[in-house]
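Enquirer: quick check, what structure comes out for this input:
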Amino acid sequence: MMRGTAILLQARMGSSRLPGKSMRVLGGHTLVAHAIVRLQASGYPVVLTTTTKPEDDCLVATAEALGAHTFRGSELDVLDRYAQATRYFELHRVIRATADNPAVDTDAVARTLILLDRTGADHVVEHGLPYGAAVEAVRGDALLKAAAAATDPYDREHVTPFLRSSHDFFALAALAPGHLRRPGLRLTVDTDEDLAFMQKLLEAIGPDTFPAPLSAFIDVADRLTWVANGGTTKRGMR
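Expert: Numbers count the residues shown, from 1 in each chain. Purely as a prediction, here's the structure:
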């Protein structure tokens, strides 16, 4: 039985905007595989948290083939899914991540956990990273408390808004390292346009660098965007 700290990576095939996106292939690897491998590089165990629906069996199979743990729960009550996984694996600290982020910052895991411990916060997230690069660190007991108290469907679906809005919790908004701050750069996959953009970045980075550091994605995005706009717009902005 796992105890202590783990990364709970949420994923499901039933995305409304881009169905089946977690199994779309980018640079020779599925979207969910990119996220798992990148997060495993942090040194912490990864738990794919998905639904009980048969369509998500392929996600479980992919995760297990990569050596990740799995947990299945509610489709829409994602907060409950997280709470149940936290109880099952007896977690004191949880990193929340999502499988539509193939450039998630591996090092953000350690940075947010350090801040969680140093400050006594219940929730920590970094601001300034490219959209889709951040993770969230949450204290296990705070997550369970939020799951017991939150009633709004939005809070249940998106896991952490209640922790950030309720006065019962200490939520810390940290600033990302300066060299990684590109808040206008979108590195998530939620649309076909996002998928095409990420494919272009991975092709430019090359297959020999897997998983590539976040800085490589930023450098390539800066260069491609700069060239595409004739050097007339700020780098890193789409």
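
Enquirer: got a list of what H127 touches?
Expert: Contact criterion CB atoms under 8 Å, 6 or more residues apart in numbering gives 134, 173-176, 183 as the residues in contact with H127. For every residue, glycine as well, the C-beta is placed using N, CA and C.

Enquirer: try it again with 7 Å
Expert: Applying CB atoms under 7 Å, 6 or more residues apart in numbering, we find H127 in contact with 173-176.

Enquirer: could you dump these into JSON lines with pLDDT and distance to H29 added?
Expert: Written out in JSON lines, the entries for these read as follows (pLDDT from 0 to 100; distance: CB to CB, whole Å):
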{"residue": "A173", "pLDDT": "97", "distance to H29": "32"}
{"residue": "A174", "pLDDT": "97", "distance to H29": "30"}
{"residue": "L175", "pLDDT": "97", "distance to H29": "31"}
{"residue": "A176", "pLDDT": "97", "distance to H29": "25"}
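
Enquirer: ok, and what's touching stretch 166-181?
Expert: With CB under 7 Å, 6+ apart as the test, stretch 166-181 has contacts from 105, 115, 119-129, 142, 163-164, 214-215, 218.

Enquirer: now it: buried residues?
Expert: Buried positions in stretch 166-181, judged by neighbour count with 16 or more other CB atoms under 10 Å: 166, 169, 171-172, 174, 176, 180-181.

Enquirer: how about stretch 114-125 as CSV, C-alpha atoms only?
Expert: Extracted in CSV, the C-alpha atoms of stretch 114-125 (Å, rounded to 0.1, in the frame of the first residue of the first chain):
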residue,chain,number,x,y,z
ILE,A,114,8.4,22.3,-0.5
LEU,A,115,6.2,25.4,-0.2
LEU,A,116,3.3,23.2,1.2
ASP,A,117,5.6,22.0,4.0
ARG,A,118,7.4,25.3,4.7
THR,A,119,4.3,27.4,4.9
GLY,A,120,1.8,25.0,6.4
ALA,A,121,-0.6,25.8,3.5
ASP,A,122,-3.4,23.5,2.6
HIS,A,123,-3.1,24.3,-1.2
VAL,A,124,-0.2,25.6,-3.3
VAL,A,125,-0.2,26.5,-7.0
